[in-house]
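Undergrad: quick one: sequence and predicted model below, then my questions.
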Amino acid sequence: MFDFLQYNFIQNALAAAVLASIACGIIGVYVVVKKIVFISGGIAHASFGGVGLGYYLGINPMFGVLPFSLLSALVMGTVSKKSKIPEDSAIGILWSLGMALGIIFVYLTPGYAPDLMTYLFGNILTVPYSDLYFMLALDVVIVGAVYLLYKEFLTLCFDEEFTTVQGLPTEKLYLFLLCIIALTIVVLIKVVGIILVIALLTIPASLSRKFTYNLKRMMLISIAFGTVISVTGIGLSYALDVPSGATIILVLSLVYGVASFGMEILENIKNSGA
Amino acid sequence: MEKVIELKDVWVRYGTQTILEAINFELKEPNGLLGIIGPNGGGKTTFLKVLLGLLKPYRGNVKLFGKPPEKSRELVGYVPQYKGFDFDFPISVWEVVLTGRMSHTGFLKKFREEDKKAAEEALKTVEMFQYRDRQIGQLSGGQRQRVFIARALATNPKLLLLDEPNSGLDPHMQDELYRLLSRLKQEMAVIMVTHDLSAVSVYVDKIACLNRTLHYHNSREIPVEDLEATYQCPVELIAHGIPHRVLKNHEENS
Ligand SMILES: Nc1ncnc2c1ncn2[C@@H]1O[C@H](COP(=O)(O)OP(=O)(O)O)[C@@H](O)[C@H]1O
Ligand SMILES: [Mg+2]
């Protein structure tokens, strides 16, 4: 029954799923505990501008997305902290600005944009071999940054003001965290697409939170969840011939829903028993 | 000897609103407990943030131990006013207290043996060492308050700033807190800010009143005029609960 594993594209898809799960497992934990889901969604959507730019310049759109998402992270982080506009409004404006730029770029590109839809909705079954190296390189950067800055990021997420009082460059740290989130988004785009990236950044981490109060353990658990669930999703989408990105998200949501519901029931039983 | 705190003509604004006005303040003694009282919105938290270098006054000069606040991080401990804080955050007591060592450890470095020693000592001082592996949400309000004091103590401060540390504590826990503070004040200068007048109890060595302007006379007695100016109402309404020897009465004062 595992003979589908012999196909190259399936092997690539599984490798991509693991690489994506590592990135989103680690960084998703920060997104969830620091409650920066909305700004992360903003960075993801704004980076569509980079996809458009890539098409317009005739380069691999991934190389347009990378600088564009980093730039979005820096601009959103700075504007949301510094300007007088409320943070969520600033994010909303930049979010749609990035997408609008992408649409204009695509429109200005002669001919039609092949596989534009894979950037919006992802298609892990078409990830080329070369993209795997790109994802691997980003994973190395992400894991390395978190290894080096573990205690700094922990303090930053727990208590920004106290981080400043301890003499750390809080604002730069926050912007750097957003940049790492941007890199993670780039890794995830091929898997689930810009529209659904935020699900991978939030669901595995939220799920792992139910099992531990330790940040490192949360990261490991959410990597495990992400891997198992995205592989399941890939199998299902292959078997049922439905889009892979959306299938992964559906399985994630289902597991999250069942786990939340199940734990609530367990809690109630425990409480009524006591 | 170096002054612990020196503020010269400090003004702070949010937008066009003046929050602190012409504050001149000196604290010379390297130990003792100063209570700062004032109504809600009087600028007490703002005042502490100025001392911590979190807020820049638009006019005036702030010095801690003869240096600007940014240069004296290792000498100052801070216990913020926790409202709207996420106590569900996945962090243990031990990890929280260690973050108080960051100014010593330095950027990008791992915590050293001496950092762990300091964190352990701080937790023992507040009698919370046995809870070091607990997640912070699984503590009572009073215990959590002590953990945040331990985090500040881990810095080995010469100046400890506490923002409304007594709020949300029951009378018994408040009493414990004051006893802890009066032990700590032997070794460092402690400033406690509160809007609760009854908190200014027997443990406080000196009192200042803050409501936009600061009234401070280097003593533990508050002239009635200062209190009335601070709270903008007659003393009879506010003196309830303050030990009488704290309040200086009109005759004495004039
Ligand atoms: N970030 C801010 N922006 C604008 N106004 C603020 C801000 N923080 C505090 N204020 C205002 O400054 C005044 C003093 O606040 P604060 O120092 O917190 O008072 P206290 O701690 O004595 O209750 C209040 O009127 C408050 O509304
Ligand atoms: Mg306050």
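TA: Great, that's in hand. Ligands and ions are numbered 1, 2, ... in the order given.
Undergrad: ok, the residue in chain A that ligand 1 sits nearest to to A:Asn8 distance?
TA: The nearest approach of chain A to ligand 1 comes at A:Lys84, 10.7 Å away (C-beta to the nearest ligand atom). Placement of C-beta: from N, CA and C, glycine included. To A:Asn8, A:Lys84 is 53 Å away according to C-beta to C-beta, to the nearest Å.
Undergrad: same question, B:Glu2
TA: Separation of B:Glu2 from A:Asn8 (C-beta to C-beta) stands at 72 Å.
Undergrad: out of the two, which sits in the busier spot?
TA: Shown here are B:Glu2 and A:Asn8; by other C-beta atoms under 10 Å in any protein chain shown, B:Glu2 has more neighbours (12 against 8).
Undergrad: tell me the secondary structure at the more buried one.
TA: Following DSSP: H, G, I helix; E, B strand; the rest coil, B:Glu2 is assigned to coil.
Undergrad: now swap in B:Ile23 and tell me
TA: strand.
Undergrad: right, and it touches B:Glu6 too?
TA: No: the pair B:Ile23 and B:Glu6 does not pass the contact test of C-beta atoms under 8 Å, sitting 11.1 Å apart.
Undergrad: who's more crowded, those two?
TA: B:Ile23 (22 against 17).
Undergrad: I'd like the distance between the more buried one and chain A.
TA: Relative to chain A, B:Ile23 is positioned 20 Å away (C-beta to the nearest C-beta, to the nearest Å).
Undergrad: what sits against that residue?
TA: B:Leu7, B:Asp9, B:Val10, B:Trp11, B:Phe47, B:Gly60, B:Thr213, B:Leu214 (C-beta atoms under 8 Å, 6 or more residues apart in numbering or on different chains).
Undergrad: kindly report the same for A:Pro61.
TA: By C-beta under 8 Å, 6+ apart, the contact set of A:Pro61 is A:Gly50, A:Val51, A:Gly54, A:Tyr55, A:Tyr119.
Undergrad: for A:Thr227, same thing?
TA: Counting by C-beta under 8 Å, 6+ apart, A:Thr227 makes contact with A:Ala17, A:Val18, A:Ser21, A:Gly25.
Undergrad: any weak-confidence spans in the chain?
TA: Reading this off chain A. Applying pLDDT under 70 to chain A flags residues A:1-4, A:273-274.
Undergrad: switch to chain B, that's the one I care about
TA: B:1, B:84, B:198-201, B:219-254.
Undergrad: next, give phi and psi for the residue of chain A closest to ligand 1.
TA: Per-residue torsions, A:Lys84: phi -80, psi -20 (degrees, to the nearest 10).
Undergrad: do a quick rundown of the helices in the chain.
TA: Going with chain A. Along chain A, counting by DSSP state H, helices occupy A:8-33, A:37-46, A:48-57, A:61-82, A:87-108, A:116-121, A:129-148, A:150-158, A:160-165, A:170-192, A:197-209, A:215-240, A:244-273.
Undergrad: you looked at the wrong chain, it should be chain B
TA: For chain B, the helices defined by DSSP H occupy B:44-51, B:93-98, B:102-105, B:113-125, B:141-154, B:171-184, B:224-231, B:235-238, B:250-253.
Undergrad: mind putting these into JSON lines with mean neighbour count?
TA: Converted to JSON lines, these look like this (neighbours: other C-beta atoms under 10 Å in any protein chain shown):
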{"stretch": "helix B:44-51", "mean neighbour count": "22"}
{"stretch": "helix B:93-98", "mean neighbour count": "24"}
{"stretch": "helix B:102-105", "mean neighbour count": "20"}
{"stretch": "helix B:113-125", "mean neighbour count": "17"}
{"stretch": "helix B:141-154", "mean neighbour count": "24"}
{"stretch": "helix B:171-184", "mean neighbour count": "16"}
{"stretch": "helix B:224-231", "mean neighbour count": "18"}
{"stretch": "helix B:235-238", "mean neighbour count": "13"}
{"stretch": "helix B:250-253", "mean neighbour count": "10"}
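Undergrad: export the ones you listed as a markdown table, with columns for distance to A:Lys216.
TA: Output for these, formatted as a markdown table (distance: least, C-beta to C-beta, whole Å):
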| stretch | distance to A:Lys216 |
| --- | --- |
| helix B:44-51 | 32 |
| helix B:93-98 | 10 |
| helix B:102-105 | 18 |
| helix B:113-125 | 17 |
| helix B:141-154 | 20 |
| helix B:171-184 | 32 |
| helix B:224-231 | 48 |
| helix B:235-238 | 50 |
| helix B:250-253 | 60 |
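Undergrad: for those helices, which one sits closest to ligand 1?
TA: Closest approach to ligand 1 among the helices of chain B is made by helix B:44-51 (3.2 Å; C-beta to the nearest ligand atom).
Undergrad: please save the CA atoms from that closest one in CSV.
TA: Taking only C-alpha atoms (Å, rounded to 0.1, in the frame of the first residue of the first chain), the coordinates of helix B:44-51 have been written out as CSV:
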residue,chain,number,x,y,z
LYS,B,44,3.1,57.2,39.6
THR,B,45,3.7,54.5,36.9
THR,B,46,5.0,57.3,34.6
PHE,B,47,7.4,58.4,37.3
LEU,B,48,8.8,54.9,37.7
LYS,B,49,9.2,54.6,33.9
VAL,B,50,11.1,57.8,33.8
LEU,B,51,13.5,56.4,36.5
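Undergrad: dead centre of chain B: give me the residue that sits there.
TA: Nearest to the geometric centre of chain B sits B:Leu162, at 2.3 Å (C-alpha atoms, centre = their mean).
Undergrad: quick one: contacts for that one?
TA: Contact analysis of B:Leu162 by C-beta under 8 Å, 6+ apart lists B:Val79, B:Ile149, B:Ala152, B:Leu181, B:Val190, B:Ile191, B:Met192, B:Val193.
Undergrad: not counting sequence-adjacent ones, nearest residue to A:Cys24?
TA: Of all residues not flanking A:Cys24 in the chain, A:Leu200 sits nearest, at 4.4 Å (C-beta to C-beta, 6 or more residues apart in numbering or on different chains).
Undergrad: could you pull up the residues touching the one you found?
TA: Contact partners of A:Leu200, counting by C-beta under 8 Å, 6+ apart, are A:Ala20, A:Cys24, A:Gly28, A:Leu188, A:Val191, A:Val192, A:Gly226, A:Ile248, A:Ile249, A:Leu252.
Undergrad: which one of the residues you listed is nearest A:Gly233?
TA: Closest to A:Gly233 out of these is A:Ile248 (3.3 Å), distances taken as C-beta to C-beta.
Undergrad: distance check, that closest one against A:Ile221.
TA: A:Ile248 is 18 Å from A:Ile221, where distance means C-beta to C-beta.
Undergrad: which of those two has more neighbours?
TA: Taking other C-beta under 10 Å, A:Ile248 and A:Ile221 do not tie; A:Ile248 has more neighbours (29 against 21).
Undergrad: ok, that one touching A:Gly233?
TA: Yes: the pair A:Ile248 and A:Gly233 qualifies as a contact (C-beta under 8 Å) at a distance of 3.3 Å.
Undergrad: contact partners for residue 139?
TA: No chain was given, so I picked chain A. Listed by C-beta under 8 Å, 6+ apart, the contact set of A:Asp139 reads A:Leu19, A:Ile22, A:Ala23, A:Val187.
Undergrad: wait, chain B
TA: Shown in contact with B:Leu139 (C-beta under 8 Å, 6+ apart): B:Val93, B:Tyr131, B:Val147.
Undergrad: brilliant, that's me finished.
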